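Let's see this in three dimensions:
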Amino acid sequence: MFADACTPRSQRPLGKLGYCPPADVFYEAQTDEVVVRFELPGVDRNEIDLFVDRRQLVISGERRFPVAPGRSYQQVEIDYGPFDRRIRLGVDIDPDRTSATYEQGVLEVRLALADEESTACHIPITCEQEQGEDEA
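Have a look, this model is predicted:
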């Protein structure tokens, strides 16, 4: 009876298009970079695609609904589903000097300013833990 009354949010029509990760965008004068931070708790790093296309940072992926046998939800307030978000940067980015790290559900993208117009590029995402292993 409880299971019948509680349909997972991912199976109900959403008022919006799934999950939209919140972001902070700022310029860091010390490094001459634009920094974008996304909150992505519960998203596997391998589910995230990240690239720069001219003056836009594009992030896409999916935060999957946790399915478990015998689990019936009474209430689901966390948003799940696919996402595709574009952040307008307002400046040209040097694709050879971009980096992204993912640690504890926060994706930080560092984008160095370019001297001239740039082309599109894919940005690989690393974990802080992996960087430590490479240096060891």
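
contacts and neighbour counts: CA atoms only from here.
Noted.

List of residues touching the helix or strand in which Phe51 is found?
If you go by DSSP states H and E, Phe51 is part of strand 49-53. If you take C-alpha atoms under 8 Å, 6 or more residues apart in numbering as the criterion, strand 49-53 is touched by 57-61, 93, 95, 119-125.

Mind listing what's buried along the longest strand anywhere in the chain?
Ranked by residue count and defined by DSSP state E, the top strand of the chain is strand 93-103. The neighbour-count check on strand 93-103 (16 or more other C-alpha atoms under 10 Å) flags Ile93, Asp94, Pro95, Thr98, Ser99, Ala100, Thr101, Tyr102 as buried.

Give the closest residue to the fourth one in space, chain neighbours not counted.
Same thing as Thr98. Among residues not flanking Thr98 along the chain, Leu111 sits closest, at 4.7 Å (C-alpha to C-alpha, 6 or more residues apart in numbering).

Just give me the neighbour total for the one you found.
Here the number of neighbours of Leu111 (other C-alpha atoms under 10 Å) works out to 27.

Please renumber the chain so that the first residue is 57 from this point on.
Understood, numbering begins at 57; the last thing we discussed is Leu167.

Is the closest residue to His178 other than its chain neighbours bridged to anything, and to what?
Closest residue to His178 apart from its sequence neighbours, by C-alpha to C-alpha, 6+ apart: Phe107 at 4.2 Å. With DSSP bridges as the criterion, Phe107 is bridged to Val114, His178.

How about Glu159?
Beta-bridge pairing of Glu159 under DSSP bridges involves Val162.

Touching, it and Arg101? I think so.
No. Using C-alpha atoms under 8 Å, Glu159 is not in contact with Arg101, being 9.4 Å away.

All the strands of the protein, residue numbers only.
For the chain, strands defined by DSSP E occupy the ranges 79-84, 89-95, 105-109, 112-119, 137-144, 149-159, 162-169, 177-178, 181-183.

Now those in JSON lines, please, with extra columns for mean pLDDT.
Shown next, in JSON lines, are the strands of the chain (pLDDT from 0 to 100):
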{"stretch": "strand 79-84", "mean pLDDT": "96"}
{"stretch": "strand 89-95", "mean pLDDT": "97"}
{"stretch": "strand 105-109", "mean pLDDT": "90"}
{"stretch": "strand 112-119", "mean pLDDT": "94"}
{"stretch": "strand 137-144", "mean pLDDT": "94"}
{"stretch": "strand 149-159", "mean pLDDT": "91"}
{"stretch": "strand 162-169", "mean pLDDT": "96"}
{"stretch": "strand 177-178", "mean pLDDT": "76"}
{"stretch": "strand 181-183", "mean pLDDT": "86"}
